[in-house]
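A.B. asks: Here is my input; please provide its structure:
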Amino acid sequence: MSDLTVETAMAHARHLAEERRLRSRLEALEGQDAATVQRALTERVDDLVGQVDKLRGGLEHQRRELFHAGLIQTEAEADGSGPASDLPPGAPAEPWSHEYNAAHRALVAAELDDPALLGALRSEADLTAPLGPGFDERVVEIPWAAAHLDGRSVLDAGSSLNHLHVLRWLRPRVADLHIITLAPEARSFPQLHVSYLYADLRDLPIRDNRYDTVVSISTLEHVGMNNAGYGSPQAPAANAGREAAGAVRELRRVLRPGGSLLITVPVGEPAAYGWVRVLAIEELKALVADAPWSASTMRFFRHGPEGWAPATEEGVRGARYRDHFTAGPPGDDRVVAAEAVACLRLTK
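C.D. replies: You can find the predicted model right below:
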């Protein structure tokens with residue numbers, strides 16, 4: 001039974017109980033003067049109005065939560081005044097706007113509910129169509145990682161999965177989910193039995209061989225950089241590449257033998273923007289070679305005129321990054337962040 005159904009049933013029971021109390025009160029008032037009866041009735045009506053307002057507020061809160069989870073696709077439906085619309089063909093023009101974020105949630109939720117898409121991503125088959133024109137790289141990174149999740153215990157190293165519209169798909173599929181990031185975030189979901197840890201990826205407070213799968217979505221490009229925006233007062237490192245390699249070694253350490261480390265990072269023309277950087281193909285290969293892996297695969301995606309599509313190694317070498325802190329509006333290519341990403345699956 002859904003939360004809304006339970007709430008409705010509880011509300012009905014409360015109203016029946018209130019009706020019985022009111023009837024009993026009226027019987028007790030029989031024979032009293034009209035002014036006393038009127039005052040008592042007014043008090044009860046005011047009380048009932050307050051209860052109805054409280055219930056209405058609770059239902060609006062529930063609708064809002066469903067909207068944020070991507071289970072209600074439009075503001076109108078979140079307000080209870082209209083049906084859900086079809087998924088947008090592409091992103092709204094202004095990235096990170098309210099409309100953009102709502103459309104992004106809706107698209108990722110739909111992708112996670114698409115077994116054909118997840119199957120194609122897992123098997124590295126061609127996609128039937130590009131993904132999410134005008135959206136950032138999460139619309140390919142999150143479903144790619146979801147398609148490769150194995151085992152019962154999962155570590156999200158970087159907190160890219162800490163969104164209700166992702167967790168409602170992920171949480172029933174794993175027995176044990178830990179999320180680690182530098183500092184607490186605005187939203188967390190301990191009620192879904194998600195455990196939160198706050199630490200640096202280069203020094204994990206976790207025992208060896210702990211997890212079946214470790215996921216690190218668009219996080220390594222921040223290691224060793226200026227992470228003040230993520231809650232870290234630590235100064236940037238002299239060599240961010242060396243720090244990222246140390247983080248990969250730590251992620252491997254907490255992975256059980258036979259488990260999978262899933263990494264995604266912006267890839268292409270190497271560049272640094274203070275808080276984030278783009279990794280070159282050669283650095284990715286060095287990260288893989290830095291530790292012994294029993295198996296490894298590397299897949300590339302690039303944003304083109306129609307959206308995100310699989311690409312070759314050579315096809316992503318010149319890809320660039322749009323730093324939204326310093327760049328102007330998106331250009332005709334509609335790239336809003338990374339133009340290309342690498343997705344690595346490393347088996348310990």
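A.B. asks: Look up how far Leu204 lies from Glu250.
C.D. replies: According to CB to CB, to the nearest Å, Glu250 and Leu204 sit 5 Å apart. C-beta: built from backbone N, CA, C; applies to glycine.
A.B. asks: do the same with Ala116
C.D. replies: From Ala116 to Leu204 the distance is 36 Å (CB to CB).
A.B. asks: more neighbours, these two?
C.D. replies: More crowded of Ala116 and Leu204, by other CB atoms under 10 Å: Leu204, with 19 against 10.
A.B. asks: Now do that one, the pLDDT please.
C.D. replies: Leu204 is assigned 98 on the pLDDT scale.
A.B. asks: Now do the contacts for Gly224.
C.D. replies: Under the criterion of CB atoms under 8 Å, 6 or more residues apart in numbering, the neighbours of Gly224 are 236-237, 239-244.
A.B. asks: Which ones among these lie within helices?
C.D. replies: Within those, residues falling in helices by DSSP state H are 240-244.
A.B. asks: Return the set of residues that bridge with Ala272.
C.D. replies: Arg277 (DSSP bridges).
A.B. asks: wait, what's in contact with it?
C.D. replies: 225, 240, 278.
A.B. asks: quick check: mean pLDDT across stretch 313-333?
C.D. replies: 95.
A.B. asks: helix or strand right after the helix or strand bottoming out on mean pLDDT in the chain?
C.D. replies: Least confident helix or strand, the chain: helix 75-78 with a mean of 44, by mean pLDDT, DSSP states H and E. Using DSSP states H and E, the next helix or strand after helix 75-78 towards the C-terminus is helix 98-112.
A.B. asks: what's the following helix or strand past that following helix packed up against?
C.D. replies: Sequence-wise, the next helix or strand downstream of helix 98-112 (DSSP H and E) is helix 115-123. Helices and strands touching helix 115-123, by 3 or more CB pairs under 8 Å, 6 or more residues apart in numbering; DSSP states H and E, are helix 98-112, helix 138-147.
A.B. asks: buried stuff in helix 115-123?
C.D. replies: Within helix 115-123, the residues scored as buried using 16 or more other CB atoms under 10 Å are 117-118, 120-121.
A.B. asks: Also stretch 328-337?
C.D. replies: Neighbour count says stretch 328-337 has 330, 334-337 buried, by 16+ other CB under 10 Å.
A.B. asks: that's a helix at Arg207, yeah?
C.D. replies: No: under DSSP: H, G, I helix; E, B strand; the rest coil, Arg207 sits outside any helix and is assigned coil.
A.B. asks: Apart from its chain neighbours, what residue comes closest to it?
C.D. replies: Using CB to CB, 6 or more residues apart in numbering and skipping the chain neighbours, the partner closest in space to Arg207 is Val254 (7.3 Å).
A.B. asks: Tell me how many other residues surround the one you found.
C.D. replies: Neighbours of Val254 using other CB under 10 Å come to 21.
A.B. asks: next one: the one 5 residues further on
C.D. replies: When neighbours are defined as other CB under 10 Å, Gly259 has 22 of them.
A.B. asks: Buried ones in the helix or strand hosting it, by neighbour count?
C.D. replies: Element membership for Gly259 (DSSP H and E) is strand 255-266. Buried residues in strand 255-266, counting neighbours by 16+ other CB under 10 Å, are found at 255-256, 259-266.
A.B. asks: and the angle from it to helix 138-147?
C.D. replies: 160 degrees (axes from the mean of the first three to the mean of the last three CA atoms, to 10 degrees).
A.B. asks: Kindly export strand 255-266 (C-alpha atoms) in PDB.
C.D. replies: Only the C-alpha atoms of strand 255-266 are listed here, as PDB (Å, rounded to 0.1, in the frame of the first residue of the first chain):
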ATOM      1  CA  LEU A 255      36.400  -3.800  -3.100                       C
ATOM      2  CA  ARG A 256      36.100  -7.600  -2.500                       C
ATOM      3  CA  PRO A 257      38.000  -9.900  -4.900                       C
ATOM      4  CA  GLY A 258      35.900 -10.400  -8.000                       C
ATOM      5  CA  GLY A 259      34.000  -7.200  -7.400                       C
ATOM      6  CA  SER A 260      33.600  -4.300  -9.800                       C
ATOM      7  CA  LEU A 261      34.800  -0.700  -9.600                       C
ATOM      8  CA  LEU A 262      32.600   1.500 -11.800                       C
ATOM      9  CA  ILE A 263      34.200   4.900 -12.700                       C
ATOM     10  CA  THR A 264      33.000   7.700 -14.900                       C
ATOM     11  CA  VAL A 265      35.000  10.900 -15.600                       C
ATOM     12  CA  PRO A 266      35.000  13.700 -18.200                       C
END
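A.B. asks: What pairs with that strand, parallel or antiparallel?
C.D. replies: strand 211-217 (parallel), strand 340-347 (antiparallel).
A.B. asks: hmm, who's touching the longest one?
C.D. replies: Outside strand 340-347, the residues that touch it by CB under 8 Å, 6+ apart are 137, 140-141, 144-145, 148, 218, 252, 258-268, 279, 281, 284, 287-288, 293-303, 311, 315-316, 319.
A.B. asks: would you list the helices and strands packed on helix 115-123 in TSV and tack on distance to Arg210 and mean pLDDT?
C.D. replies: Listed next are the helices and strands packed on helix 115-123 as TSV, based on distance: least, CB to CB, whole Å; pLDDT from 0 to 100:
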stretch	distance to Arg210	mean pLDDT
helix 98-112	25	96
helix 138-147	18	98
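A.B. asks: Understood, closing this out.
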